[in-house]
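**Student:** what shape does this take:
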Amino acid sequence: AVPLESNIVVNPYPQIEFSDTKAGMSSIPIQVSITNNSSFETIDIQSINIVGPGAQDFQINFMENSSDFPLLIADSMEIEVSFQPLSVGEKNAQLVIYSSSQVSSVQINLSGRGFLSPPTNVRSVAFDSKIDLNWDRYNLVPQGSGDHIESPFMITEIPFLANGSTSNFADDYDEACPFD
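**Tutor:** So this is what the prediction gives:
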């Protein structure tokens, strides 16, 4: 948890991986400890920023929110970092801590994946060679049932043999038969 040649110890280091988080929601915050590891000087934490292509998807919660925070010898401070994806996909950024230490900055890689929940009203209809998934709440007829013109029953070979009845079908086709 120690960056090379630095008087600042950061934990966790060098990376924070957030669990998958639903877009628009927030992950459980991760505590980041920043400790002055110098044996002879106070170190000023000058700023804590998130930078990089996915910076808008990560948040810092730092109670003091001051631009200059002194850390006495062996003293430490805690910040919280959370993942709040605005969209789906892999997100990456860096948490950068600038200080008055010899090595003026420490960088921690941040990563997470935003996702969307699946539709809650998914229905499936299994056929011999495929499965149709449908989550259109207005179309309550299984695809391929033949009860609507938008979902015809496909006859894939001739002769076609089947048993059954059309007595419960809606008979709501508004197309005229071209073979009369």
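
**Student:** count the residues that sit near residue 123.
**Tutor:** A total of 15 residues lie near residue 123 under the criterion other C-beta atoms under 10 Å. The way it works is simple: take the backbone N, C-alpha and C, and place the C-beta from them, glycine included.

**Student:** what pairs with it across the strands?
**Tutor:** Beta-bridge pairing of residue 123 under DSSP bridges involves residue 134.

**Student:** which one is residue 95 nearest to, not counting chain neighbours?
**Tutor:** Of all residues not flanking residue 95 in the chain, residue 108 sits nearest, at 4.3 Å (C-beta to C-beta, 6 or more residues apart in numbering).

**Student:** would you double-check that that neighbour falls in a helix?
**Tutor:** No: under the criterion used here (DSSP: H, G, I helix; E, B strand; the rest coil), residue 108 is strand, not part of a helix.

**Student:** hang on, it packs against residue 17?
**Tutor:** No: using C-beta atoms under 8 Å, residue 108 is not in contact with residue 17; the gap is 10.9 Å.

**Student:** higher neighbour count, these two?
**Tutor:** The neighbour comparison of residue 108 against residue 17 (other C-beta under 10 Å) goes to residue 108, with 20 against 12.

**Student:** look up how far residue 14 lies from the more buried one.
**Tutor:** 6 Å (C-beta to C-beta, to the nearest Å).

**Student:** same deal with residue 82?
**Tutor:** Counting by C-beta to C-beta, the gap from residue 82 to residue 14 is 19 Å.

**Student:** more crowded one of those two?
**Tutor:** For residue 82 versus residue 14, neighbours defined as other C-beta under 10 Å are more numerous around residue 82 (17 against 11).

**Student:** who's in contact with the helix or strand hosting that one?
**Tutor:** For residue 82, the host element (DSSP states H and E) is strand 76-83. Contact partners of strand 76-83, identified using C-beta atoms under 8 Å, 6 or more residues apart in numbering, comprise 16, 18, 21, 26-36, 45, 48, 50, 57-62, 64, 69, 71, 91, 95, 110, 112.
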